[in-house]
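Q: pasting the sequence and the predicted model now:
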Amino acid sequence: MTQGIVMAMPGPAGAGVHISCRGCLAIKPIFQQGPSPTARLVLAFVASAVLMAVDHRYDHLRVVRSTFATLLYPLQWLADSPIALAEWASETLASRRELLWENAHLASENLKLNAQQQKLLALEAENMRLRGLLGTSFKVGERVLIAELMAVDLAPYRQQVLVDKGSRSGVYVGQAVLDADAVIGQVVEVTPFTATVLMITDAAHALPVRNHRTGLRTIAVGTGKIRRLALPYLPNNTDFQVGDLLVTSGMGRHFPAGYPVARVVSVERRPGAPFSAVIAEPIARLDRIMEVLLVWSLDPSERDGPAALLEGEGGPADGQGEEGEGDG
Amino acid sequence: MDRRRGGLVIFITMLIGVLLTIMPIPEWARPFRPSWYILVLIYWVMALPQRVGVASAWFLGIAMDVVSGTLLGQHAIGLSLVGYVVHQTHLRMRLFPLWQQSLMILPLLLLERAIGFWGMGITHQPLPYFDYWLAPFVAILFWPWVFILMRDVRRRFVS
């Protein structure tokens, strides 16, 4: 219909066509061949709707998506490059004094950590022995890999980040991601060179946690706000106090047990409602992390499958200079 | 030969549009960032409707879905509609002065956002906050400059 109107318009419209193509030889075959724009639009709508439905419900598109993502990786690399360059420059141009200071600082920290580690090893051995006496199986062995965040903005209303290690380093979907202090999230998408990490505060994320003080298990749900986790399933009479530490319970099988997650910042008991409103604040500084740890638990029974295990163990062997930390 | 070269230029400008949209910027500025790739698309559909249309818009949308981690098709569906509307009205849109073009583009950008919003709602994804709707208003302020820049690019490289 609109086309009809356009054709009926005399002077200016004709001029428009003239500007658009130098030789109108190019224009004719295209308007004559192929489906009309309306048909194309309908096709595009149907294709998008089908894609969205399939992508939402099933896993089939993972390969397609990861192929496209690999093709578009240079773009993401480019978007990241100014920041990476600035970091590189500030590292390279760091003064000698700063480096010396940092070195000394790190050496003393290393000493402290080593001392703690010794204590930990003894405790771990004792813990294993006691658990062995109790007859429960429990694995503490884990391997970690350090990945850096790429400065790429994903959809701004989701809490996702892109990291610079992918399936080539053995990263798999569902893998737990930590930083030095606490849990950050889990891998939701992998390409050969990158992985997308969904953070625990994303509104579509929930993780099983345990109150460290009382041992009570519950679920921590993301709210979409970066400093906030909600604990929606706690009855009014539960023993939850402000300041309680929440650690992963290991129940969902994605996250290894015992890592700190969040600290309770407000407990509101609502007599009229079945559950009280408990809010916790993530311990990891989700808005200012630069490096993350990807974790493999080394207990095969806690893994998704043997394939994932092999993939995971092949990781550090390909020697890309990452840290592969063995367990005791 | 010439045609292929033009195609490459169109492709590159669209990639630059995507690049500017995923480029890291300060947190406070993120809600205001215009969707550069839509502006680039609108320009090309308006200038060369016989070469850039619904199909290119759809592929651009898929690329955007992949790099921004949304559901495949979520950007594509809105973008193909924008491509269609501009394609059907390009002769009329060309007649207006730039600032009026900006005003004509505003409903298109809002429509694209609305379709994205609908896509998120229908697939039960978390819904964005109010600032989701701000970007189009910022984008139309940039339209005249985008238009002038892209026109120079087109005259120089494409036709």
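A: Nice, I can see it.

Q: so the nearest residue to B:Thr70 once chain neighbours are set aside is in which element?
A: With C-beta to C-beta, 6 or more residues apart in numbering or on different chains as the criterion, B:Thr70 has its nearest non-adjacent residue at 5.2 Å, and that residue is A:Ala155. Backbone N, C-alpha and C define where each C-beta goes, glycine included. Using DSSP states H and E, A:Ala155 sits in no helix or strand.

Q: before we move on, what about A:Val171?
A: Counting by DSSP H and E, no helix or strand carries A:Val171.

Q: what's near enough to touch the residue nearest to A:Val163 when sequence neighbours are not counted?
A: Computed as C-beta to C-beta, 6+ apart, the closest residue to A:Val163 that is not its neighbour in sequence is A:Ala147, at 4.1 Å. Contacts for A:Ala147 were tallied using C-beta atoms under 8 Å, 6 or more residues apart in numbering or on different chains; they are A:163-165, A:169, A:171, A:195, A:291-294.

Q: A:Ala147 should be in a strand, yeah?
A: Yes - using DSSP: H, G, I helix; E, B strand; the rest coil, the assignment for A:Ala147 is a strand.

Q: mind listing the residues bridging to it?
A: A:Val292 (DSSP bridges).

Q: thinking again about what came up before, weed out the non-buried ones from the contacts of A:Ala147.
A: A:163-165, A:169, A:171, A:195, A:292-294 (16 or more other C-beta atoms under 10 Å in any protein chain shown).

Q: what's the burial count for A:Arg269?
A: Counted with other C-beta atoms under 10 Å in any protein chain shown, the neighbours of A:Arg269 add up to 15.

Q: same thing with B:Pro24?
A: So B:Pro24, with other C-beta under 10 Å, has 14 neighbours.

Q: now A:Leu286
A: 19.

Q: give me the most central residue, chain B.
A: For chain B, B:Ile38 is the residue whose C-alpha lies nearest the centre (C-alpha atoms, centre = their mean; 0.5 Å).

Q: am I right that A:Ile226 sits in a strand?
A: No - per three-state DSSP, A:Ile226 lies outside any strand segment and is coil.

Q: got the phi and psi for residue 104?
A: With no chain named, the answer covers chain A. Here the main-chain torsion angles of A:Ala104 (degrees, to the nearest 10) amount to phi -60, psi -40.

Q: ok, it to A:Arg96 distance?
A: To A:Arg96, A:Ala104 is 13 Å away according to C-beta to C-beta, to the nearest Å.

Q: show me which of the two is the more surrounded one.
A: A:Ala104 (10 against 7).

Q: picking that back up, host element of the residue nearest to the centre of chain B?
A: helix B:36-47.

Q: report the buried residues of the next helix or strand after that helix.
A: Using DSSP H and E, the helix or strand that directly follows helix B:36-47 along the chain is helix B:54-68. Residues of helix B:54-68 classed as buried by neighbour count (16+ other C-beta under 10 Å): B:54-68.

Q: what do you get for stretch B:93-102?
A: For stretch B:93-102, burial by neighbour count (16+ other C-beta under 10 Å) applies to B:93-94, B:101-102.

Q: check stretch A:104-115 too.
A: For stretch A:104-115, it's none, nothing buried (16+ other C-beta under 10 Å).

Q: which stretches of the stretch 1-150 of chain A form strands?
A: With strands called from DSSP state E, counting those that start in this stretch, the stretch 1-150 of chain A shows them at A:142-150.

Q: pLDDT-wise, which helix or strand of chain B ranks last?
A: Taking mean pLDDT, DSSP states H and E as the measure, chain B has helix B:2-22 as its least confident helix or strand, at a mean of 84.

Q: show residues contacting stretch A:205-218.
A: A:159, A:183, A:185-186, A:198-200, A:219-222, A:231, A:233-234, A:238-241, A:244-252, A:254-255, A:260-262.

Q: I appreciate the help and will end here.
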